[in-house]
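A.B. asks: got a predicted model here, sequence first, then my questions.
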Amino acid sequence: MPTAKEKKEEVKVHLKKLRAELRTIHLAVTEELKLPEANNIKELMNDMESLLSIIDSKNKRTKK
């Protein structure tokens, strides 16, 4: 079972990746007036879901 410090690092890595991808999409939309591909959005949503599952697993334990 990962420690709190390991989970925190894992969440940081996920957030950095998501932030970079969202920044890229934002620039494409605002500067190039180009909408992102549907697959890119689906990948981001899956990444967010996996991040949520990491965070949520802690909340479920503390609520019990």
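C.D. replies: Thanks, I have it.

A.B. asks: can you pull the phi and psi angles for K34?
C.D. replies: phi -120, psi 130 (degrees, to the nearest 10).

A.B. asks: pull the number of nearby residues for it.
C.D. replies: 11 (other Cβ atoms under 10 Å). C-beta: built from backbone N, CA, C; applies to glycine.

A.B. asks: same question for the one 3 residues further on.
C.D. replies: If you count neighbours by other Cβ under 10 Å, E37 ends up with 11.

A.B. asks: repeat for the one 10 residues further on
C.D. replies: The burial count assigned to D47 is 15, neighbours taken as other Cβ under 10 Å.

A.B. asks: please name the nearest non-neighbouring residue to it.
C.D. replies: Counting by Cβ to Cβ, 6 or more residues apart in numbering, D47 lies nearest to L18, which is 5.7 Å off, once chain neighbours are set aside.

A.B. asks: now do the helices in the chain.
C.D. replies: Remark: helices assigned in the chain by DSSP state H are 4-31, 38-63.
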